[in-house]
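[1] Predicted model and sequence below, questions to follow.
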Amino acid sequence: MAADEEVLDRLGELPHLTAAIRQAKIKKAHYLGADVEKALTNLGEVFYSPQDIYTKMRAGDFEMADFEAHGKTYKNSFVTYENFYQNHEDAEVREKSFRSFSEGLRKHQNTAAAAYLAQVKSEKLLADMKGYDSVFDYLLAEQEVDRVMFDRQIDLIMKDFAPVAQRYLKHVAKVNGLEKMTFADWKLDLDSALNPEVTIDDAYDLVMKSVEPLGQEYCQEVARYQEERWVDFAANSGKDSGGYAADPYRVHPYVLMSWTGRLSDVYTLIHEIGHSGQFIFSDNHQSYFNAHMSTYYVEAPSTFNELLLSDYLENQSNDPRQKRFALAHRLTDTYFHNFITHLLEAVFQRKVYTLIEEGETFGASKLNSIMKEVLTDFWGDAIEIDDDATLTWMRQAHYYMGLYSYTYSAGLVISTAGYLHLKNSETGAEDWLNLLKSGGSKTPLESAMIIGADISTDKPLRDTIQFLSDTVDQIIAYSAELGE
């Protein structure tokens with residue numbers, strides 16, 4: 001880190017080192033000297049301990065009690081609730097499972113709050129030591145974006161997308177005959193009767209057909225996931241919910257998920273294939289030092305694949321019910337997860353880090369209060385927010401990954417731009433593959449320009465929100481056609 005700036009400039013001209021040298025320059029500007037940096041490195045395990053505590057608590061201590069609905073007893077867990085019960089077609093199952101799930105969280109809220117407090121305090125300490133203006137600037141530096149882009153992402157979605165989301169949920173309530181929608185209901189499918197069980201073989205078939213527009217080069221790599229068994233599907237007890245992808249450089253990726261046979265699992269599968277597919281293409285075309293793209297848009301390849309799946313489902317039938325089904329899943333499986341769930345995490349984070357910047361502290365009750373404020377601000381009168389809903393902050397590990405949560409929506413803006421480019425340009429597929437191949441060799445702004453998206457402005461984000469508003473209009477029109 002003591003390297004001369006001129007030396008770094010010369011090294012940065014080497015095409016296989018561009019990303020590494022950019023990051024080295026960022027770190028060099030806040031370098032504390034060899035002895036201090038060595039001490040911080042030796043303390044790495046200590047700095048990691050809050051995340052380790054949360055991970056072990058979530059995997060081993062979060063136990064959800066059985067619940068009863070319609071005289072039948074159901075077992076509950078983190079995985080089964082998030083992958084199955086939360087969008088169950090039966091209202092009593094949704095309600096009872098949510099209460100069981102929330103009670104399991106509540107028992108550990110004080111421990112979770114203490115772990116999170118330790119996390120953000122350590123980040124604030126490091127930001128101050130390294131001379132950053134704020135913890136926000138410290139956490140955004142490695143993403144190669146500034147505070148303006150972070151705040152714009154949050155503020156525009158809260159202001160302009162919230163009314164779109166509210167309009168859709170009110171329509172879901174109307175179609176399903178709900179007098180009110182609680183937090184236990186907000187993942188309810190618009191048309192539960194059309195949510196078929198899906199086998200793993202069916203899922204792979206859907207994935208292959210969905211990615212066909214990207215051409216043979218991409219499809220050949222995707223076929224290997226099934227042929228070479230790169231995905232762990234077993235929904236074992238204690239296994240984490242969600243999906244994960246790992247990438248040993250130039251070997252092959254590994255994907256971890258829990259299969260429950262729902263269409264949402266197909267979205268998870270194609271999402272993780274999007275991540276790991278990008279690993280394959282960047283590994284094959286970039287050096288080890290340039291392979292990994294910025295966290296800012298790391299979710300673009302994954303969510304782009306989800307859009308391909310929804311597009312394929314939409315175009316399989318002229319039946320308005322089938323088309324409505326596909327568009328609804330575009331909203332709920334892709335945008336609701338990334339533009340709402342994770343974005344609201346980011347709003348929550350911004351409030352928490354602001355507290356820490358102001359020298360304040362917090363416990364579980366304060367975090368519950370902040371989350372209630374965030375949920376109420378976004379959902380308005382579309383959802384009834386109660387005390388169980390406020391425990392949502394306990395459900396994600398993203399709070400231990402810096403300012404990661406907002407990047408889901410940032411990546412989705414880039415993937416939406418790429419999807420619209422694919423639909424409207426003859427070079428759309430080639431341009432998208434070139435973005436995947438670029439890895440981390442370019443900055444986020446440079447990479448987005450490969451598909452013609454200028455993310456230094458708010459236009460790509462506004463275009464995405466308009467795309468979603470149009471989608472809701474289409475869904476409501478199909479419902480009218482169906483007499484609903």
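    Nice, I can see it. Bear in mind that the values here come from a model prediction, so they are computed numbers and not experimental data.

[2] Please make it C-alpha for all contacts and neighbour counts, starting now.
    Fine.

[3] For the stretch 101-250 of the chain, which segments are assigned as strands?
    For the stretch 101-250 of the chain, applying DSSP state E, counting those that start in this stretch gives strands covering 231-232, 243-246.

[4] Lowest mean pLDDT across the ones you listed, which one is that?
    Comparing mean pLDDT across the strands of the stretch 101-250 of the chain, the weakest is strand 243-246, with a mean of 87.

[5] And the next helix or strand past that one?
    strand 254-257 (DSSP states H and E).

[6] what residues does that following strand touch?
    Contacts with strand 254-257, where a contact means C-alpha atoms under 8 Å, 6 or more residues apart in numbering, come from 230-235, 240-247, 268-269, 272-273, 276.

[7] how about 7 Å then?
    Strand 254-257 is contacted by residues 230, 231, 232, 233, 241, 242, 243, 244, 245, 246, 247, 272 when judged by C-alpha atoms under 7 Å, 6 or more residues apart in numbering.

[8] Out of those, grab the one that's most surrounded.
    For these, counting by other C-alpha atoms under 10 Å, the largest number of neighbours falls to residue 272: 29 neighbours.

[9] For the residue nearest to the spatial centre of the chain, give its distance to residue 237.
    Using C-alpha atoms, centre = their mean, the residue of the chain that lies closest to the mean C-alpha position is residue 408, 4.2 Å off. In this view, residue 408 and residue 237 are 28 Å apart by C-alpha to C-alpha, to the nearest Å.

[10] in the chain, which ranges drop under the pLDDT threshold?
    Within the chain, the ranges that satisfy pLDDT under 70 run 1-3, 238, 241.

[11] re the thing from before, need the max-distance pair from the contacts of strand 254-257.
    Spatial extent of the contacts of strand 254-257 (C-alpha to C-alpha) is set by the pair 241 and 247 at 19.4 Å.

[12] Could you count how many residues lie near residue 201?
    Residues lying near residue 201 (other C-alpha under 10 Å) number 10.

[13] what's the answer for the one 4 residues further on, then?
    Residue 205: 13 surrounding residues under other C-alpha under 10 Å.

[14] follow-up on the earlier one: residue contacts, the residue nearest to the centre of the chain?
    The contact partners of residue 408, by C-alpha under 7 Å, 6+ apart, come to 299, 338, 342.

[15] same thing with residue 339?
    Counting by C-alpha under 7 Å, 6+ apart, residue 339 touches residue 409.

[16] got it, and the one 5 residues further on?
    With contact taken as C-alpha under 7 Å, 6+ apart, residue 344 is in contact with residue 374.

[17] can you tell me the helix or strand for it?
    Element membership for residue 344, per DSSP H and E: helix 342-357.

[18] ok now that helix, how far from the chain's centre?
    16 Å (C-alpha atoms, centre = their mean, to the nearest Å).

[19] now whichever helix or strand comes after that helix against helix 342-357, angle please.
    Scanning forward in sequence from helix 342-357 by DSSP H and E, the next helix or strand is helix 364-379. Taking axes from the mean of the first three to the mean of the last three C-alpha atoms, to 10 degrees, helix 364-379 and helix 342-357 form an angle of 130 degrees between their directions.

[20] can you pull the buried residues of helix 364-379?
    For helix 364-379, burial by neighbour count (16 or more other C-alpha atoms under 10 Å) applies to 364, 367, 368, 370, 371, 372, 374, 375, 376, 378, 379.

[21] One more: stretch 217-229?
    Residues of stretch 217-229 classed as buried: 218, 219, 222, 225 (neighbour count, 16+ other C-alpha under 10 Å).

[22] Tell me where the stretch 351-484 of the chain has helices.
    Remark: helices assigned in the stretch 351-484 of the chain by DSSP state H, counting those that start in this stretch are 364-379, 406-424, 428-438, 444-449, 459-481.

[23] Could you export those as CSV, including distance to residue 387?
    Compiled in CSV, the helices of the stretch 351-484 of the chain are given as follows (distance: least, C-alpha to C-alpha, whole Å):
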stretch, distance to residue 387
helix 364-379, 8
helix 406-424, 24
helix 428-438, 42
helix 444-449, 39
helix 459-481, 29
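
[24] Single out the most deeply packed of these.
    Comparing these by mean neighbour count (mean count of other C-alpha atoms under 10 Å), helix 406-424 ranks first with a mean of 23.
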